[in-house]
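Asker: Sequence and computational prediction follow.
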Amino acid sequence: MDARGEDTAQRDGSPSRDGSDTPPADGDASTTAASGPSSATPAVEEPSAETTHQVDTAGAARGDVRRPAEPGTALAPIGPGPTDLSSAQLLRPVRPAPQTGWRRAVYVASGGLVNPGESEADIARRELVNRVNQPLAGCYKIAMLSLKGGVGKTTTTASLGSTFASLRGDRVVAVDANPDRGTLAEKVPVETTATVRHLLRDAALVRRYSDVRAYTSQGPSRLEILASDQDPAVSEAFSELDYRRTVDLLEHFYNIVLTDCGTGLMHSAMRGVLDVADSLVVVSSSSIDGALSASATLDWLDAHGYGDLVARSVAVINYVRRSSGGVDLDRVADHFAGRCRAVARLPFDPHLDEGAQIHLEQLAPRTRTAMLELAAVVADDFPRAGSRVRIGPR
């Protein structure tokens with residue numbers, strides 16, 4: 001056998017000349033592979049640096065950028081990030097649809113094909129709604145106060161709560177803490193005869209929202225009301241501790257709690273109301289004696305250590321008519337603006353003057369706008385509520 005036959009036999013695993021069955025060393029195989037390409041397998045030419053640069057440049061023009069690849073590895077594309085597939089990037093901006101006036105009529109008549117855009121009033125209302133819907137961490141507690149009866153405090157409580165409940169997706173409840181037969185429950189359809197007393201009695205059985213819902217009545221706006229006892233002798237026994245227990249229970253299930261307080265500041269539950277409140281809404285009528293009573297309320301709070309609560313309170317001038325007689329309401333508003341965080345004016349409204357159940361859709365447009373402005377002013381304090389330190393024991 002010649003040398004070529006011997007090499008062939010060794011590559012095939014045949015016995016070598018000396019009779020051993022030892023396979024060829026790796027080095028021999030490498031030498032054989034390096035001797036040149038086989039005639040049956042075409043040679044693969046490595047791309048040059050210039051060719052690779054041309055490919056990358058062309059890919060970059062298409063937005064398909066590639067990383068520099070190691071020799072012998074595939075080129076790895078860097079695709080667009082996931083944020084490039086967001087709706088903000090892929091969808092064309094949609095012009096908000098008009099809500100009122102001739103703009104709305106044109107939009108509806110054209111089936112949405114013609115959109116004149118929002119009016120200034122629509123834009124202002126949308127901004128107010130956005131303020132009302134500010135994020136709220138935990139439970140925000142609003143105390144509604146007035147030393148004088150007949151100024152619309154209970155009506156304002158129900159209207160403000162209804163505005164919050166109709167616009168926000170969370171739960172809103174109003175508690176009647178009036179010791180003298182409060183009428184807050186009459187502002188919504190009565191669904192239960194249960195009162196705050198029954199809720200406290202059964203507090204150990206309340207585990208979920210459906211449990212506490214059995215003690216409240218809900219209006220069309222989704223505002224819930226927890227009624228007080230109708231017997232004044234029993235209601236007077238509603239103490240500070242009872243109120244604290246009530247709020248401690250409600251704050252697990254509701255994001256906004258409004259408390260309709262009585263006209264007296266010295267009754268037993270008032271200290272608990274003030275200690276847990278995040279803000280006050282002090283209600284005054286547009287008359288001189290109403291303004292004096294509201295100012296006296298602020299004086300009493302300042303004198304009893306609630307100055308910080310006065311500073312973040314909102315004063316409401318209620319039942320403002322187009323002609324207020326000889327009362328300079330601008331000066332009244334300036335007086336409260338120097339003591340409170342904000343001042344709101346609520347116009348006289350025939351629907352609210354009825355003293356019956358409140359339906360927001362039956363309010364005059366001016367009243368609905370004014371109530372929305374009041375809700376937005378109160379909601380402006382939502383982001384700062386979580387950092388406050390409570391006064392008194394819990």
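Answerer: Okay, I see it. Just so it is clear, the structure is predicted and the values come from calculations on it, not from any experiment.
Asker: rest of the way, CA atoms for contacts and neighbours
Answerer: Fine.
Asker: Which helix or strand in this structure has the lowest average pLDDT?
Answerer: helix 26-34 (a mean of 42; mean pLDDT, DSSP states H and E).
Asker: Contact partners for residue 341?
Answerer: By Cα atoms under 8 Å, 6 or more residues apart in numbering, the residues touching residue 341 are 311-314.
Asker: Now do it against residue 274, distance only.
Answerer: Distance check for residue 341 against residue 274: by Cα to Cα, to the nearest Å, it reads 17 Å.
Asker: Also residue 340?
Answerer: Going from residue 340 to residue 274 by Cα to Cα gives 16 Å.
Asker: Off-centre distance for stretch 128-135?
Answerer: 8 Å (Cα atoms, centre = their mean, to the nearest Å).
Asker: for stretch 291-303, same thing?
Answerer: Worked out by Cα atoms, centre = their mean, stretch 291-303 lies 33 Å from the chain centre.
Asker: and if you look at stretch 198-215?
Answerer: Distance of stretch 198-215 from its chain centroid, counting by Cα atoms, centre = their mean, is 26 Å.
Asker: what comes into contact with that stretch?
Answerer: Outside stretch 198-215, the residues touching it (Cα under 8 Å, 6+ apart) are 192-196, 226, 242, 245-246, 249, 253.
Asker: One more pass at 7 Å, please.
Answerer: Stretch 198-215 is touched from outside by 192, 194-195, 226, 246, 253, with contacts defined as Cα atoms under 7 Å, 6 or more residues apart in numbering.
Asker: Highest neighbour count among the residues you listed?
Answerer: residue 226 (25 neighbours; other Cα atoms under 10 Å).
Asker: residue contacts, it?
Answerer: By Cα under 7 Å, 6+ apart, the residues touching residue 226 are 174-176, 195-196, 215-217.
Asker: so where's this structure shaky on pLDDT?
Answerer: Low-confidence segments of the chain, defined by pLDDT under 70: 1-84, 88, 180, 231-237, 322-325, 386-394.
Asker: can I see the domain layout of it?
Answerer: Annotated domains of the chain cover 92-132, 136-385 [automatic domain parsing].
Asker: Centre of the chain to the last one, how far?
Answerer: In other words, domain 136-385. For domain 136-385 - counting by Cα atoms, centre = their mean - the centre lies 21 Å from the chain centre.
Asker: and the contacts of residue 341 as a markdown table, adding distance to residue 381?
Answerer: Shown next, in a markdown table, are the contacts of residue 341 (distance: Cα to Cα, whole Å):
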| residue | distance to residue 381 |
| --- | --- |
| 311 | 12 |
| 312 | 8 |
| 313 | 10 |
| 314 | 10 |
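Asker: Would you mind putting the residues you listed into TSV with distance to residue 207 and secondary structure alongside?
Answerer: Formatted as TSV, these follow (distance: Cα to Cα, whole Å; DSSP: H, G, I helix; E, B strand; the rest coil):
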residue	distance to residue 207	secondary structure
311	37	helix
312	34	coil
313	33	coil
314	34	strand
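Asker: Make a markdown table out of those and add distance to residue 355 and neighbour count.
Answerer: Listed next are the contacts of residue 341 as a markdown table, based on distance: Cα to Cα, whole Å; neighbours: other Cα atoms under 10 Å:
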| residue | distance to residue 355 | neighbour count |
| --- | --- | --- |
| 311 | 31 | 18 |
| 312 | 29 | 18 |
| 313 | 26 | 26 |
| 314 | 23 | 25 |
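Asker: Farthest-apart pair in the residues you listed, please.
Answerer: Largest separation among the contacts of residue 341 by Cα to Cα: 311 and 314, giving 8.6 Å.
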